[in-house]
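J.: my questions are about this predicted structure, shown below with the sequence.
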Amino acid sequence: MTAAGERVLVVDDEADIVALVAYHLAKAGYTVSTAATGADALALARRDRPALVVLDLMLPGISGYEVLEQLRADAATRDIAVLMLTARREEADRIKGLSLGADDYLAKPFSPQELVLRVGAILRRTGAASAGGATLTIGPVAIDRAAHRVTVDGVEVELTPTEYKLLSTLAERRGRVQGRAHLLETVWEAAPDIQTRTVDMHIQRLRTKLGAAGDLIETVRGFGYRLRAPVQSRTA
């Protein structure tokens, strides 16, 4: 179900692509704003706080990669979801975008209908991630699902919406192995061409951000990942 009126910022320097994407998103019920440069995208993101940015990586001046880095570095915009568009099909380019904190990617040329579905999937999972009133505590890690906030030993950890959803999924099923394919289906709602490498990259970033607590996320070779459940873990 579309979150009626959710604002989506479309960033691309090709006017025909912007018009096409904006038309289909508006038709699906979203409020759409547009930008043709990285600088304008950052200004609009800070002013309007969209729920999601559809971000072309090949922009004049400030590249999409730099825009993504700045969005994630700014406390005012770090929780905005990002769907990156790329004309490059090499795995390294996708991995770079995901490692910088993108929530999903779509290669050009793309189907506008698929893009709308991807946007909806991202917003559903990020919306679900902020729902609920309980706090999950696993060792030093506390996940406040009402405030969409994660702390380690009382210190807040800045996570992207997808990293938060991934951690929440592992925490809710702590002690049980979660296969990569299952995580793709649960967290990313498994678009057909998303590869398991996407899961691995997000797990790597999540471990790094959690510091020593990242060791709680165990790799189960040949299967996937598991969040260890320390003896003192509890649900508050």
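T.: That came through, no problem. Numbers count the residues shown, from 1 in each chain.
J.: in the chain, which residue is most central in space?
T.: Centre of the chain computed as the mean C-alpha position; nearest residue by C-alpha atoms, centre = their mean is Asp103, 2.7 Å away.
J.: who are the contact partners of that one?
T.: Asp103 sits next to 52, 81-83, 122, 126, 160-162 when contact means C-beta atoms under 8 Å, 6 or more residues apart in numbering. Where C-beta positions appear, they are placed from N, C-alpha and C, glycine not excepted.
J.: with pLDDT and distance to Leu216 added, can I get those residues in a markdown table?
T.: Output for the contacts of Asp103, formatted as a markdown table (pLDDT from 0 to 100; distance: C-beta to C-beta, whole Å):
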| residue | pLDDT | distance to Leu216 |
| --- | --- | --- |
| Leu52 | 94 | 29 |
| Ala81 | 90 | 25 |
| Val82 | 93 | 27 |
| Leu83 | 94 | 29 |
| Ile122 | 85 | 26 |
| Thr126 | 68 | 23 |
| Thr160 | 86 | 19 |
| Pro161 | 84 | 21 |
| Thr162 | 86 | 19 |
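J.: among those, which one has the most neighbours?
T.: Of all those, Val82 has the most neighbours under the rule other C-beta atoms under 10 Å, reaching 28 neighbours.
J.: look up how far Val8 lies from it.
T.: Using C-beta to C-beta, to the nearest Å, Val82 is found at 11 Å from Val8.
J.: list residues touching both of these two?
T.: Contacts common to Val82 and Val8, judged by C-beta under 8 Å, 6+ apart, are 52-53.
J.: next structured bit after the helix or strand containing Val8?
T.: Val8 is part of strand 7-11 when elements are defined by DSSP states H and E. As assigned by DSSP H and E, the chain's next helix or strand after strand 7-11 is helix 15-27.
J.: now do that following helix: everything it contacts.
T.: Contacts of helix 15-27 (C-beta under 8 Å, 6+ apart): 8, 10, 12, 32, 34, 36, 54, 56, 112-113, 115-116, 119.
J.: 7 Å - rerun?
T.: Under the criterion C-beta atoms under 7 Å, 6 or more residues apart in numbering, residues 8, 10, 12, 32, 34, 54, 112-113, 115-116, 119 lie in contact with helix 15-27.
J.: and for stretch 166-181?
T.: Contacts for stretch 166-181 (C-beta under 7 Å, 6+ apart): 129, 136, 138, 143, 145, 150, 159, 183, 186-187, 196, 199, 202, 206, 217, 220, 223-227, 229, 233.
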